[in-house]
Each structure stands twice: as structure tokens, then as C-alpha cells.
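J.: Build me a model from this:
(chains A and B)
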Number of protein chains: 2
Amino acid sequence: MFKVTFAFGDGSNTEAFCHEGDILLEVARGANVVIDTPCSGNGTCGKCLVRLVEGELLTKRTLHISDEEFEEGWRLACMSRICGDVTVFVPDIASAYKSRMKIADLSSGKEISIFNNAKSEIELAGIELANSLDVVEVDMNPPTLDDNMPDSERLARALRKYLNLKKCTIPYTVLRELPDVLRESNFSVKCVLRATPNNIFVYDIFPKEKDVVICGLAVDIGTTTVSAVLINMENGDILAKSSAGNGQIRYGADVINRIIESRKPGGQQKLQDAVIKETINPMIHQMCRHAGIQTKQIYRMCIAGNTTMNHLFAGINADPLRMEPYIPTFFKTNALFASDVGVDINWDAHIIVAPNAGSYVGGDITAGTLVSMIWNRPEFSLFVDLGTNGELVFGNEDFLMSCACSAGPAFEGGDISCGMRATDGAIEACTIDKETMEPTYTVVGDPGTRPVGLCGSGIIDVICELFMKGIINPKGKFIREGKRVRHDKYGMGSYVIAFEEDAGSPRDVEITEVDIDNFIRAKGAIFSAIQTMLGSLDFDFSMIEDVYVAGGIGSGINMKNAVAIGMFPDISLEKYHYIGNSSLTGAYLMLLSTPAEKKTYELAANMTYLELSAVPSYMDEFVGACFLPHTDASLFPSVEAAMGENSN
Amino acid sequence: MFKVTFAFGDGSNTEAFCHEGDILLEVARGANVVIDTPCSGNGTCGKCLVRLVEGELLTKRTLHISDEEFEEGWRLACMSRICGDVTVFVPDIASAYKSRMKIADLSSGKEISIFNNAKSEIELAGIELANSLDVVEVDMNPPTLDDNMPDSERLARALRKYLNLKKCTIPYTVLRELPDVLRESNFSVKCVLRATPNNIFVYDIFPKEKDVVICGLAVDIGTTTVSAVLINMENGDILAKSSAGNGQIRYGADVINRIIESRKPGGQQKLQDAVIKETINPMIHQMCRHAGIQTKQIYRMCIAGNTTMNHLFAGINADPLRMEPYIPTFFKTNALFASDVGVDINWDAHIIVAPNAGSYVGGDITAGTLVSMIWNRPEFSLFVDLGTNGELVFGNEDFLMSCACSAGPAFEGGDISCGMRATDGAIEACTIDKETMEPTYTVVGDPGTRPVGLCGSGIIDVICELFMKGIINPKGKFIREGKRVRHDKYGMGSYVIAFEEDAGSPRDVEITEVDIDNFIRAKGAIFSAIQTMLGSLDFDFSMIEDVYVAGGIGSGINMKNAVAIGMFPDISLEKYHYIGNSSLTGAYLMLLSTPAEKKTYELAANMTYLELSAVPSYMDEFVGACFLPHTDASLFPSVEAAMGENSN
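T.: Here you go, the predicted model:
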């Protein structure tokens, strides 16, 4: 047995023991050390860099590491085998996705308004904000020798009478507590229950004098990030909000690599544990502490995630999703309970799953479509979710068409050397002076927060500014020189937004030609998907009344710039609306409102799916869109005009 | 820490570690060493004898141990504290209740006929032997790019079409297996399901070619003994039968001591574990191995037990049962599932609980009443269950009255020095020669099995013969001398049925005056209960058309002798029928037949309960019945006549 010590930037360590020949990446995974592996350890992405501090590793060299870097001790964890005791440094900054769990500050109201707006809009559409959970007070006569009815019959009788319903189910969890709570409270209690027209189901029982909050939990399970809100089920108030990196990230950055990993022995359990035990449960405990409630007071949960994510959450074989004919195990299920999958909430709590509409259009999109409200008007609108996959839904009150394209993780900062999510330290907006090429940027976080990296909206701005100010050409290559523009020995250009001394990290915050290329392909995938979908309907961009943009790209997204780089169609900017994390907001609505839940099933069932790869023109349109803004400049008249102005 | 070694008669050992001052009995319990403690460790019953082999114990002396015995090393485990390393011998024979788990041999048909008879009788009463479990074959078209419906929707669609029902629930357990089983079987499967008028619930899925048996499990949870049958739910065939001592026995012999024990910290869990994890689950595994099925193929379970037993099984506080106004948590519940309590059968299996009719008339009696069929005729009949409590139900098709009396464990061999259950080695029948006083007996087991002790039916015979042959007087005291009759130094008489050299155990099989006294009190409780109950209705014994006797007393019960000792009323012997373990047979019927289950709820709901202690004459009648056969000899004319004959 050899000892491997993983050292972190904050001075902390994790130790693990392993055998000779074990792969360092696997050792790290076993020890819960997160190392980014977008390619899932195939040696192709070059992201899993660690630096040798002490000892040796047997490393297979790849092109991702220069001689200089190798000299400095940099190694790919997936290509290194253990040959003795060793200490490696795991660079924090290397993790584009890594994020500590974070409880949102709800005091400002900014975090809350998005949910309040969604509530108002759904109510305006005539969908009631009502669910079947309720808390009722019941006073019973204590038993006597003459009135010796058992506890459960006594409670059921009282509830049936109170609610005028015939059937009452007292599940095992409540039965177990019943004799003690009844006697402690002298037979005056509060019950949390679900009352449907046929049945009362009792979730919980408390002494009457206790203040009881009925809580619910909405969770957006993103491939990269998991976000959740803990809510009061009676009025929809947000009690806590939290987000964290999806613990599955160490098994691959995208759904395909996750599925492959889940098919290894014990993999299904590992992937399920990574998202539930390591990610969601700690978030639940943190939120409950924050809100001052017990976890068992969460009586309902709703998850929204793409089809692979909800299959892996449920511990269900997702392999058929990645192989023709791409069949999920379920679109919707109403048979999932907290006790089935070990989510730390009330044992009997039902887990609502936002329905999948296809293998590549999952519950995140159907929930998001609900929030977009595009289904509620005669005009045609477009809903775009910029996740690790880009998904689009287009339509109106009469029809909905969806499609999905592989955008990669660039919108959330993945595949970008200094990319990161839209959290503290992320540059979310930027302008560049045409003459000096000096940037001006704003950073997410408290005033004075120093930049650490770029989130999606920041990348759009930087690329747009570089392009509009003539620093890069339409192919994303640098065509001007300057203090901030440099080229490495292979000739690859980059632009430094923040030098090390100004940054909150131990290196420059920069954007490279590779980054720009990755982002151009991501935006190109989105634009060509929009183009292809509308084309398939014989529609043009002028038919689009509104565009609702969702995703973790950052609330600072500058729609003008997004149009300018050719990510979105060149239509009036007033038509663009950023609606934040619509998957989470949709889960919130489905949780809070049973009619909204039903509406989402209806939307999912009526959504037509367009398989882009089956449309012959798609690839041509994609290639055309991999330019700034596009090979066909006539598609972007306003950009042409602005460029003209700019060059004056 | 000190080491305690428990040595057993078979030469095996168990070691445990403990602290100075710990009570030996608690150390034994912690180490799963079974020592009888009818009084639950209060030092009052004197049953928890162990013999010091090496080392010392700090023992508080009680009257239960003579000086001689103390010299020999005998100590009460409940009165001894640890003061150093020690080895104690735990006498096997001391355990009147102890029994190894036992799979019944079903080949003879004797074990089976009782269930077949019950099936016939219930069918004759117009109650259908039908339940909602079924296995159906479904062939689906495998998915294609054009027919890309998800697996669960595909299966649900096929089942709904096949069964012409609207709703289909595919629970998590099946969802998890679905993609693999469907692909392994090329979408031709067998489903085990419950089909009710409104819903299909899928329990299990197999490839079509597999032979699938739908199994069910009926369990009688006795205070002393647990018995179970594994059955084929389609035809009621018995696949395996097993019995074992209730693992709770080490926490006390009767329900009151068990409840007290369950109220200690962690006690509820300990008592539940003792009956489920230590008793029922091993029985299940053994029966499934025997029958060659997987435990998950048990899709339904029915338990019958007294009110305390079913509360402790469910891990529910039973304390209110023993304190005025004696309120159980439930009479009936339909909310108990295998996953709730950790029974090793299908996770989603519903556990039917034979309904309680009162705190002291439990599911064992309501299930037994179903089997007795006394509710199905105009004539009045009596059902008597000779358990640790004696319970009676009297009535006809119009009414049912029940009562309970504390008989103690004597009928199952408890409280009797050489008592044992009716298993291998038990003397089940006996005659004694009037002149020589030599006994002739039959022993349960293969021919040649040597006697180890006496089961209930054997005790009845021995006492009856001793009495009828003038060896003991009506008070149960020895009045003749002989080789087999002896008195100890305190003057207590005893009769040896088998001397050590003939016995299968290392000591004489005998019956003492204390044993006889205990048994007389037990039979007196039963007789006076019958007398009091009939009296409360202004009925006399001549109104009884039939008497159905159930319980672990042994199938060899000689009704003539039972009448002769004054246990049962002196009516025509043809009216008496031994129906075996009616609690288990009733659980079997409720499991197999949903109409029988409903009938049992109806019987329980309509049963009137007579609280004997509230009837002023009961105590007098009990005192009168504590004689052989009774102080009022005119109640037993046939016994008087026989005695007269005998003395000629």
C-alpha cells in the first residue's frame, strides 16, 4: 500500500491509500477529491492537471503538457500511475466547475423576485397556486375505559369528520409516533396531511401548540450545478436557496461520460450517491439549519433535470439513452418517494419529477417551458436554455416544438481556460477601449471582489468587444498586438483581462484563441439550431415575438453583444428576456401548484421533438454560424451597421 | 473490561466483554445468549439459573437457590454482577421455551391437511379463495427510432391494454430493473402485479421464459413461538413451513414484561429486532432456500399475533396497552409495508395485520375465530385458544363475545420444570398403570425418539392419570408412595415419568407438585372463564354445540382427560375439536383470500369484549376451578362416574 497526499491551495490535505499501479485519478475519486475530468479520464481533454510535490508518478506523456510544464511537475491525473508514496498539488483554479456549496443571501430580494414574478405570471394564466398539502388542528377526547377506541382509529375518525372525507391513511412513520404525540399533547394535535377528493394521507403529527411550517424542496439538477430552494408550501415563500457543484462532475463533464461511468460495476450506485448523498443531502441539511426546520418537515420535493440526470438521480440504467434508438426508462413517474432513493426529507414525501419530453429534452426544459409562458399566447416565441446542452422550444398556445444541440459546457464557463460559473469573482460584463485595448469589467460579488475568471456573460462581452474593436477577426484569431495581447511559442494568441497582480487568483485571467474557438462553436450550435428549427417550419426570425433566455450564463448577459457575436438572431433587442434558472423556477412552480404540475405534463406530452441531426441543412448552418457573427453577414444587419460605425 | 464466557451443553462457547458491576443477565442479552427470564430479570421467578465454572460473581441470594445448589455454583443471572473474568454454564434444559428453528416436513401431508381443510371450509361458507395478485405475460414491440416511447410508458401501455384498466403504477423497485429486464428479454416479460378495479400495481418483472411463482408469507407471532408458512398465492399450496422460538423471549416470558422492556432506552428497536431480524427473517431465508425461491418473490405477508405482539412487531409504543384505559395504537392498519419494518421480502409487499378486537383480544384470536367457523351457523359454539393468554370466543352467526384470561405459559410447557413445546422429544400422551404406577407414553418425533420433557397435552394426561389412579388428590398433592413418586427435603412431591437412563436429556423427566399447581391454575383460569362468559349470557354448558380448541398444546390432546381434570366443561366429547394453530391457519386464509381478510375485519368489528375482572363472580369461580376437577363435583358428572368405576 502506498500513501497519496492531495494538497490543496488553502493549505489543507487529504490522504488516501492505494496499490502500486493504481491510476491517480481513480485514487482521487475514491478519496472524494474533485479533479476536473471533462473527458472522464481518457487523456483527451488535458484538464486533470496536478503538480508533483514529492515522490514520483509513472506518467504517460500527452500533448497537453509542455516540456516546461512537465519540468515544473505538472501531470495529467488520468495518465499517471502510482509507484510509491507521493504528494500532489491539486490546483483549485483548475476547476472551472468547482464551487463550494453556497446559501444565497435572500435579504436583498433580488434572489426572491424571480420566484415571485413566476408565481404572478402563472396565476395570471389562470393556473391556481394550490397543492394538496395542508395542516389541520384536531382535538380529540382522550380515551377512557368506556371510550377505548385505539389511537389510529381515533385520529382517523376525527380527521374524517373534520374533512368530511371517507378514507384516511396513517402511514407507518406516523403510526410509530402516534401514541407518544397523542399523550404528550393530551389528544390535541396538528396534522400535516394531503387531502385529495378520495383520501387523507397523514404525513406528520405534532402537539397542537407547536408552530408547524409545511415545507417543500425544488431542485434543479444540472449536469454541472445543482440548485435548490426550500419553500413554505402554504404561500410559496422562499426559506432558503442553495447551490453546489454536482458531485458527479468527477465522473465526467457531460452526460455521455456519466452514463459510461455508471455502467461500470457499482457505477449506478456511485453516480446516485454522488448527486444525492454528496450533493443534495448536504444542501438540504444546510438549508434546513438556515431556515430552522427539521428535514422531516419537507413533505414534497420536485426535481427538474435533463433525462440523464433524472435517471441517474433515480439510480436507473441510463445506458439506453445514449444508444440507438435512445429510449429512456421513463418520461414521467409518480412512483418515486424519498425513501426509495434516500433523500433526507420526510420518508413518505413524494418526489415529483419534471417530465422528460425526449431523451435529449428533459425535465429541466419542460419545467423551463412552463416558466417561459410561451404556451400562453397566440404569438410565436422562443425559449432557449443555455445549459451544457443547448435546448430550444419554439411555439405558441397551439403547438410547441423542441430541439437540442450539443453546446458543451462553455456557457457555464467550462472548456474555457479561465471559465467559471457566475459566482463570486466571475467577470460578468466587460468593455474594451478601442485605442488602448484596456478592459473595464464588473465582477460578481461584494464591491472590491477581485476577478478570478470569466462566466458566460463575461465571455460573450469579451469576445464581442475583441471582435467589434478589431482585435480579433471573424474566425476569432488575434489581429492586433499590444500589452494585453500575447502569443505563446506555438503561436496561440490570448488576451489578458486581468493581470495576476489585479486578479483574485495566482494567475492572469485571460482568454485564448482556443477558448474563443470553443465558445464560437457553442454559440454557433445555438444559432444554427434556431435557424434550422424555424426553417423546418418555414418560419423566419421576424416571426419571433419574444425570446426567453435561461441558464447559468449569468444575469449580466448583454443581449446586444450576444446578437453581435451571432449567438442569437438579429431582431429587436427588446424581444430578449433573461429569465435566470428556469429549470429551478419551473420545479418551484410544479412543487407549489398541482395545476402547474399538471400543466407541465401536458406541455411535455404535446411537445414535438425535432432531431436536428436528421435535418440535412443543419451541419451547413452550423459551419456557417462558427464565425463572428456569421459567414452570411446579411443575417446580422445591425452588426454590420455597428461595425461600420465602429470603424469610423 | 472483563471477559465473560458462556458455556453451553453442546460444548460450544460465546464470549462477551463488559465492565465491573454489569449484571450478568444483561451481558448475556447483549451477547445474544438466551437465558429464560419469565419475570424479565426481577429476581422473582428463579428461572435464569446459570452455574459458575470459573471465576467469581457478586450474587444477591434469593430463596430460589438452596444452599446445596449455591455450593454447586448455581446462581441467578439477573441477581449476579460481574467482578472479574468469569465462565458460566448456561443449562440448555433450563429453557422450557428454547427451540431451534425448525422446517416442518411437509411430505407426510399431515402438516398440510390442516390448511387444506381450512380452505375447503371457508369456500363452503361462500368465501372465495381469491386475491388481487396475478402474473401476466406481456409482449411488447421493441422500441425504434420511430416508436421511441420510454420503457415505463411502454410497459404501462401494454398492461393497461391487456387488463383494460386505466391506471398503472410502476414502483421504484421495478423502474430500477426495467431497462435491463426489457432488453434482456427482448421486451417479452412476465409481470407480477396487483390488479384492483382502479389500478394496476406492478411488483416485479421477469423475462417471459422464467417460471414465476407468486409467493406469500403467513406468520403467527406468538409470545413464545413464531410459526410461518410460505405459500403459493395462486393455489394456496404450502411451499414451506417453519417455527422458531420468539427471539423476544429473553426480554420476558409474558407481554407485560416485554412492554416494560420495550420502554427502556432503545427497547422498542431491540424488541422489534428480536422478532423481525432475529426470528422472522432467518425463518424466511430458510423457507425460501427450502422452496427454491428468492425472498423478493414474497409479494404479500399476513401476520397474526396478540395486540402486544403486533405493536412490538411494528415497533410501536405498546405501553398504553398495559395501563388504564388500555388503549392500543391500532386495531387494524393497511399502511404497513415490508420496507417500513425491514422484513426481508419484496420491498413493496403489503403486510396484512390480522385485526385486534381489543387490548387483550388480538389478531391471533380474530384470525382463529375465522378458522373456527363458529360465525357461520345458527348453533352456539365456543372457540378456545390456549396460548400464553387463554382467549375464548363464543357465539354464532348473529353475535360473537370474546374474553381473555391469564393462563400463563403452562399450556406450551412454560412454568413447568420439564415442560416444553410439542416438538421432538416431547411426551404428548401418557397412561399410568393403577397398580404399578408405571407410565406408558408416546413421544413426538421419529420412532425411538427418547423423551426430553412434557408438552401441554402430555401434562394433561399425566395429571389426569395421576388423579384418576389416586396418586394425587384433588389439590394435586401426592397421596401414594412408590419408586416413581418421591419427595424432596422440603416435602415437595414429584412423579418421574422417565428416569435419566431412559430420557433423551441428562436428568429425569418428572412432574412436581409445583408444576401440577401451576397447571391447575392455568386450566382453572380457562374453565372459570368459560363458566363466567356463559353465565354472563345466562347460558349453560348444554347450549354449546361445538368447542374448537386451538393452540400449541399439542395435537395429541386427549379431550376426555382435559375434561376429567376440569379444564373443559363436561359435555359430549364428540363436541370437542382440536384445530391446531388457528392463528397461523387464519393468517394463511387472510393472505390467500381477500374476501376472507374482509370477513376477519368484520368479525373483529362485531366482537363484543367481556372484561372478566369486571364480573364479580369470576374470582370465586376461578378459586372453585383450581381443583381436580372442581370443588363443585356436580359440574363433572362423567368424571364422578369414571372415578367411581375406577375405584372398583
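J.: Model confidence for A:Ala7, exactly?
T.: Model confidence at A:Ala7, expressed as pLDDT, equals 89.
J.: so who does the nearest residue to A:Gly21 once chain neighbours are set aside touch?
T.: In this structure, A:Gly21 finds its nearest non-sequential neighbour in A:Arg81, 5.4 Å apart by Cβ to Cβ, 6 or more residues apart in numbering or on different chains. For every residue, glycine as well, the C-beta is placed using N, CA and C. When the contact criterion is Cβ atoms under 8 Å, 6 or more residues apart in numbering or on different chains, the partners of A:Arg81 are A:21-24, A:57-59.
J.: 6 Å instead?
T.: A:21, A:23, A:58 (Cβ atoms under 6 Å, 6 or more residues apart in numbering or on different chains).
J.: what's the closest of those to B:Gly126?
T.: The closest of those to B:Gly126 turns out to be A:Ile23 (Cβ to Cβ; 70.5 Å).
J.: Helix, strand, or coil at the nearest residue to the closest one once chain neighbours are set aside?
T.: Among residues not flanking A:Ile23 along the chain, A:Arg81 sits closest, at 5.8 Å (Cβ to Cβ, 6+ apart). Classification of A:Arg81 by DSSP: H, G, I helix; E, B strand; the rest coil places it in strand.
J.: Ok, the one 4 residues further on next?
T.: In three-state terms, and counting by three-state DSSP, A:Asp85 is strand.
J.: any idea how far it is from A:Arg51?
T.: 16 Å (Cβ to Cβ, to the nearest Å).
J.: still on that earlier bit, nearest to chain B, of the contacts of A:Arg81?
T.: Distances from chain B to these, taken as Cβ to the nearest Cβ, are shortest for A:Ile23 (28.2 Å).
J.: Could you report the neighbour count for that closest one?
T.: Neighbour count for A:Ile23, taken as other Cβ atoms under 10 Å in any protein chain shown: 17.
J.: same thing with A:Phe541?
T.: Neighbours of A:Phe541 (other Cβ under 10 Å): 16.
J.: can you give me phi and psi for the nearest residue to it once chain neighbours are set aside?
T.: Leaving aside its sequence neighbours, A:Phe541 sits nearest to A:Pro569 (Cβ to Cβ, 6+ apart; 4.1 Å). Dihedral pair for A:Pro569: phi -60, psi 150, per degrees, to the nearest 10.
J.: what about the nearest residue to A:Asn42 once chain neighbours are set aside, how many residues close to it?
T.: Leaving aside its sequence neighbours, A:Asn42 sits nearest to A:Cys78 (Cβ to Cβ, 6+ apart; 7.0 Å). Residues near A:Cys78, counting by other Cβ under 10 Å, number 25.
J.: The strand or helix carrying A:Arg154 packs against which elements?
T.: Using DSSP states H and E, A:Arg154 falls within helix A:151-163. Packing partners of helix A:151-163 (3 or more Cβ pairs under 6 Å, 6 or more residues apart in numbering or on different chains; DSSP states H and E): strand A:167-169, helix A:172-184.
J.: Just the helices from the stretch 201-350 of chain A, written as ranges.
T.: Along the stretch 201-350 of chain A, the stretches classed as helices by DSSP state H, counting those that start in this stretch are A:255-262, A:267-275, A:281-291, A:307-313, A:338-341.
J.: ah, wrong one, I meant the stretch 351-500 of chain A
T.: Using DSSP H, counting those that start in this stretch, helices in the stretch 351-500 of chain A cover A:363-372, A:456-468.
J.: In a markdown table: these, plus distance to chain B.
T.: Below are the helices of the stretch 351-500 of chain A laid out as a markdown table (distance: least, Cβ to the nearest Cβ, whole Å):
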| stretch | distance to chain B |
| --- | --- |
| helix A:363-372 | 13 |
| helix A:456-468 | 32 |
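J.: So for B:Gln531, which of those helices sits nearest?
T.: Using Cβ to Cβ, the nearest of these to B:Gln531 is helix A:363-372, at 70.1 Å.
J.: so how far is the closest one off the chain centroid?
T.: Between the centre of helix A:363-372 and the centre of its chain there are 13 Å (Cα atoms, centre = their mean, to the nearest Å).
J.: do stretch A:173-185 as well
T.: 40 Å.
J.: Show me what counts as buried in it.
T.: A:173-183, A:185 (16 or more other Cβ atoms under 10 Å in any protein chain shown).
J.: quick one: which of these is nearest B:Pro320?
T.: Looking across those and measuring by Cβ to Cβ, the closest to B:Pro320 is A:Pro179, at 5.4 Å.
J.: nearest residue to the closest one other than its sequence neighbours?
T.: B:Asn317 (4.3 Å).
J.: Next, count neighbours for the one you found.
T.: 22.
J.: Up against chain B, what does chain A have?
T.: A:143-145, A:148, A:150-153, A:169-172, A:176, A:178-180, A:316-317, A:320, A:325, A:327-331, A:335-336, A:340 (Cβ under 6 Å from any Cβ of the partner chain).
J.: Just the buried residues of those.
T.: A:143, A:148, A:150-153, A:169-172, A:176, A:178-180, A:316-317, A:320, A:327-331, A:335-336, A:340.
J.: Out of the helices and strands in chain A, which is least certain?
T.: strand A:102-103 (a mean of 70; mean pLDDT, DSSP states H and E).
J.: Going by neighbour count, list what's buried in stretch A:606-619.
T.: Taking 16+ other Cβ under 10 Å as the criterion, stretch A:606-619 shows A:607, A:609-610, A:612, A:615, A:618 as buried.
J.: Would you reformat the helices and strands packed on helix A:151-163 as CSV and include mean pLDDT?
T.: Below are those laid out as CSV (pLDDT from 0 to 100):
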stretch, mean pLDDT
strand A:167-169, 92
helix A:172-184, 94
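J.: Which of those sits closest to A:Ile345?
T.: helix A:172-184 (11.9 Å).
J.: next helix or strand past that closest one?
T.: Assigned by DSSP H and E, the successor of helix A:172-184 is strand A:188-196.
J.: so that following strand versus helix A:172-184, what angle?
T.: Between strand A:188-196 and helix A:172-184, the angle comes out at 150 degrees (axes from the mean of the first three to the mean of the last three Cα atoms, to 10 degrees).
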